[in-house]
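>>> got a sequence here, can you model it:
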Amino acid sequence: MNMIQHFPVDVCQPDAKDTLSRQITWHEVPSKLNLQSDKAALKQALAKQLKEQDAVLVAHYYTDPDVQDLALETGGCVGDSLEMARFGQEHEASTVLVAGVGFMAESAKILSPEKRVLAVHDEATCSLDLGCAPEDFKQFCAAHPDREVVVYANTSAAVKAQADWVVTSSIALDIVRHLHAQGKKILWAPDRHLGSYIQKQTGADMLLWQGSCLVHDEFKADGLKALMSEHPDAQVLVHPESPASVVALADVVGSTTQLLRAAINRSADTFIVATDQGILHAMRQQAPSKTFLAAPTAGESATCKSCAFCPWMALNSLEALHQRLSQPGPGIQVDPDLREGARRSLQRMMDFAAAQQNNLRVSADLAEHSQQFQHVGAA
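So this is what the prediction gives:
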């Protein structure tokens with residue numbers, strides 16, 4: 001029996017791709033610095049600003065390589081949205097500067113209300129967030145009160161506050177598997193590709209909101225097959241926000257962190273990567289002897305065969321960081337009532353992740369020392 005269900009498209013927000021592609025102002029994406037000396041001077045100034053304002057920089061893997069490098073050089077964090085949330089909550093700095101998109105900065109404020117949280121660029125948002133309006137989602141939930149509400153982190157605080165669980169791509173599969181084992185039926189939002197992948201992996205009864213990521217939705221299976229034929233020894237790494245036809249070709253399916261670990265730990269010399277190309281910087285840094293190729297997104301007639309860049313992530317430049325720290329303002333604000341509801345569902349995810357990590361640590365320790373206990377009988 002097929003347990004996957006789709007919420008009718010005409011009732012949901014329309015798929016973001018068609019409407020949002022007309023809204024993106026590409027001319028606003030900052031140009032990169034031409035001179036290395038200019039870049040070095042600006043990074044030095046930014047490091048000073050961060051220190052003076054008792055601020056820590058947390059950056060997503062999809063942001064500009066220069067921004068990622070600055071985060072690490074100044075004691076900050078580069079990671080997926082779950083790691084960014086953890087790091088910002090646990091760090092002693094009184095200000096968290098979030099290089100990513102709006103929902104990431106909002107989540108940091110939800111988890112650390114006592115801190116000043118700054119978004120690098122006010123216009124940096126997410127097609128999944130824009131495609132899941134809180135009032136429409138409220139109607140969706142009200143129509144299915146018997147379901148556990150699980151929302152992806154790429155949503156507003158107003159949507160998170162309506163959820164039982166918030167998940168990131170790194171932990172969504174484990175949490176849905178946990179809920180399915182308890183016999184729960186699930187209402188999932190907003191990414192239909194990720195939801196469909198999780199349903200197939202777990203067999204859970206899932207009702208899906210019909211959203212998609214502007215970037216991942218553009219990966220093409222035919223183009224990927226052609227690139228694979230040119231590089232027959234390459235392994236394919238795919239983010240599960242991609243279409244099912246692309247996921248089906250993957251050697252590894254996972255979050256940005258999971259794909260990065262695969263790139264480092266797997267023995268292959270060449271990898272084809274189907275996610276935002278920002279991740280290639282970390283892969284090349286941490287596995288410099290390997291070759292990383294961007295999976296194709298464009299059709300046969302397109303001049304660009306791989307354009308997997310989020311235009312909103314691209315707004316996070318060194319110049320934008322400098323402008324924000326020069327005029328920081330009060331930072332991100334979240335309505336207290338919404339914050340409490342969203343915090344509950346976010347914290348539930350983080351508690352689940354912490355418990356899972358502790359169990360893995362115990363297992364790893366036992367595996368590491370198993371030789372010492374191989375002749376020991378039952379107690």
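>>> can you give me the helices for the stretch 51-200 of the chain?
65-73, 81-90, 102-111, 127-130, 134-142, 157-160, 172-181, 192-202 (DSSP state H, counting those that start in this stretch).
>>> need the least confident one among the ones you listed, by mean pLDDT.
Per-stretch mean pLDDT for the helices of the stretch 51-200 of the chain is lowest at helix 81-90 (a mean of 88).
>>> now K51: closest residue in space that isn't a chain neighbour?
Closest residue to K51 apart from its sequence neighbours, by Cβ to Cβ, 6 or more residues apart in numbering: T74 at 7.9 Å. Backbone N, C-alpha and C define where each C-beta goes, glycine included.
>>> just give the number of residues close to the one you found.
By the criterion of other Cβ atoms under 10 Å, T74 has 18 neighbours.
>>> ok, D164 next?
Residues within reach of D164, counting by other Cβ under 10 Å, total 17.
>>> can you check the one 3 residues further on too?
The burial count assigned to V167 is 26, neighbours taken as other Cβ under 10 Å.
>>> among the helices of the stretch 51-200 of the chain, which is nearest N265?
With Cβ to Cβ, the closest approach to N265 among the helices of the stretch 51-200 of the chain belongs to helix 81-90: 17.6 Å.
>>> quick one: the closest one to chain centroid distance?
Remark: helix 81-90 is offset 12 Å from the chain centroid, using Cα atoms, centre = their mean, to the nearest Å.
>>> please apply the same query to stretch 62-80.
The answer for stretch 62-80 is 15 Å, by Cα atoms, centre = their mean.
>>> kindly export it (C-alpha atoms) in CSV.
In CSV, the C-alpha atoms belonging to stretch 62-80 read as follows (Å, rounded to 0.1, in the frame of the first residue of the first chain):
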residue,chain,number,x,y,z
TYR,A,62,26.4,27.4,0.7
THR,A,63,27.8,30.9,1.4
ASP,A,64,30.8,32.5,-0.4
PRO,A,65,34.1,30.7,0.3
ASP,A,66,35.6,33.9,1.6
VAL,A,67,32.8,34.1,4.2
GLN,A,68,33.3,30.5,5.2
ASP,A,69,37.1,31.0,5.6
LEU,A,70,36.5,34.1,7.8
ALA,A,71,34.1,32.2,10.1
LEU,A,72,36.7,29.6,10.7
GLU,A,73,39.6,32.1,11.0
THR,A,74,37.8,34.0,13.7
GLY,A,75,36.7,31.1,15.8
GLY,A,76,33.2,30.8,14.3
CYS,A,77,31.4,27.9,12.6
VAL,A,78,30.8,26.6,9.1
GLY,A,79,28.1,24.0,8.9
ASP,A,80,24.6,23.0,8.0
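>>> who touches it?
With contacts defined as Cβ atoms under 8 Å, 6 or more residues apart in numbering, stretch 62-80 is touched by 32-33, 39, 43, 46-47, 50-51, 56-61, 83-84, 87-88, 91, 99-100, 120, 168-170, 255-257, 276, 278-279, 281-282, 310, 313-314, 316-318, 321.
>>> give me the PyMOL select line for the residues you listed, limited to the buried ones.
In PyMOL, this line selects whichever of the contacts of stretch 62-80 come out buried by 16 or more other Cβ atoms under 10 Å:
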select buried, resi 33+39+43+46+50+56+57+58+59+60+61+83+84+87+88+91+99+100+120+168+169+170+255+256+257+276+278+279+281+282+310+313+314+316+317+318+321
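>>> out of the contacts of stretch 62-80, name the ones that lie in strands.
Secondary structure defined by DSSP state E assigns 56-60, 99 of the contacts of stretch 62-80 to strands.
>>> pick the one among those residues closest to T270.
Using Cβ to Cβ, the ones in strands among the contacts of stretch 62-80 come closest to T270 at H60, 25.1 Å.
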